[in-house]
Each structure stands twice: as structure tokens, then as C-alpha cells.
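In: Need the 3D shape of this:
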Amino acid sequence: MRRSYYQWKIQIQTLEVASKINDLYYDQVVAYPNNFVVDIVPKGVSKATGIDFLIEYANIKEEDVYTIGDGHNDIPLIEFGVHGSVMSCADEDVKAHAQVEYDSVSDLISKKFINKIRGYFR
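Out: Predicted structure coming up:
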């Protein structure tokens, strides 16, 4: 995906803002740069901690959990468990945290689960 100068400039600014927030408030929050915004969450809270809570609460096996993401705020989620994947549209620094790359969520589902899903309806 080719970005315009304006989009590139905004993305650089979000990186700078997130970095400044992380420098100033590192003990309280984590700031994740995204394309046009900065996501700020309390330290110790992420999509991965939410999934971890659900696994324990619902007694799900960690190896049965598949994750996919495309942004910096998805890195903890991508690194979670054994099936972390990334969208092909993600930045290279986000892709570096994944084991597998997919074009879309439906691509992941069709490549990993379609035979299992078909088996349920036979």
C-alpha cells in the first residue's frame, strides 16, 4: 500500500507522540502508534491480557487460541500463545513479531479451519 506524503507525515507524528508518552508515563501507561492515532492503555493491560483472562475464565486450552493483528497495539496479542499471526498489510516492524502472515481474517480461517468446519456439517 503506497502512502501519500500526508499519511506518512501523520504516521511519523504518531510514532513521536507515542514515544514521548511512553518516555514520560512509562510506569503508568503504554502508548501504541497506529496510522492516524495513538492508543493509550493502562500499563499491564492489552488485548493479550484480555485473551488470557478469557482462557482462564472459560477453561480454554491456549493451543486452541489463534490471534491475528495488524497494528502496534496488536503486538502483545500477536506474541500471545502459539498461533500468533499478522495481516499482510501490517508494517514490517509489526510483522516481525508474528509466526505467520495472512491476507485477511477470512484467509486465516479458510487455511486453518475450513476442513474442520466442513467436518461438522457432514
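In: and after the lengthiest helix in the chain, which helix or strand comes next?
Out: Ordering each helix of the chain by length in residues (DSSP state H) puts helix 5-25 first. Next in sequence after helix 5-25, counting helices and strands by DSSP states H and E, comes strand 29-33.
In: and that following strand, what other elements does it pack with?
Out: helix 5-25, strand 38-42 (3 or more C-beta pairs under 8 Å, 6 or more residues apart in numbering; DSSP states H and E). From N, CA and C alone the C-beta is placed, and that goes for glycine too.
In: ranking those by burial, who's on top?
Out: strand 38-42 (a mean of 15; mean count of other C-beta atoms under 10 Å).
In: returning to that earlier point: now tabulate the helices and strands packed on strand 29-33 in TSV and tack on distance to Val65.
Out: Below are the helices and strands packed on strand 29-33 laid out as TSV (distance: least, C-beta to C-beta, whole Å):
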stretch	distance to Val65
helix 5-25	27
strand 38-42	20
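In: between the ones you listed, which gets nearest to Thr49?
Out: strand 38-42 (9.4 Å; C-beta to C-beta).
In: Give the partner strands of that closest one in its sheet and their orientations.
Out: strand 29-33 (antiparallel) (DSSP bridges).
In: Dump the strand it pairs with to CSV, keeping only the CA atoms.
Out: C-alpha atoms of strand 29-33 as CSV (Å, rounded to 0.1, in the frame of the first residue of the first chain):
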residue,chain,number,x,y,z
VAL,A,29,0.6,3.6,30.6
VAL,A,30,1.7,2.1,27.3
ALA,A,31,1.1,4.1,24.1
TYR,A,32,0.9,2.3,20.8
PRO,A,33,1.2,4.3,17.5
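In: can you pull the buried residues of it?
Out: 30-33 (16 or more other C-beta atoms under 10 Å).
In: on that earlier part again, which residues are in contact with the longest helix of the chain?
Out: 3, 29-38, 40, 72 (C-beta atoms under 8 Å, 6 or more residues apart in numbering).
In: Report the two members of those residues separated by the largest distance.
Out: Pairwise distances across the contacts of helix 5-25 (C-beta to C-beta) peak at 27.4 Å, for the pair Arg3 and Val29.
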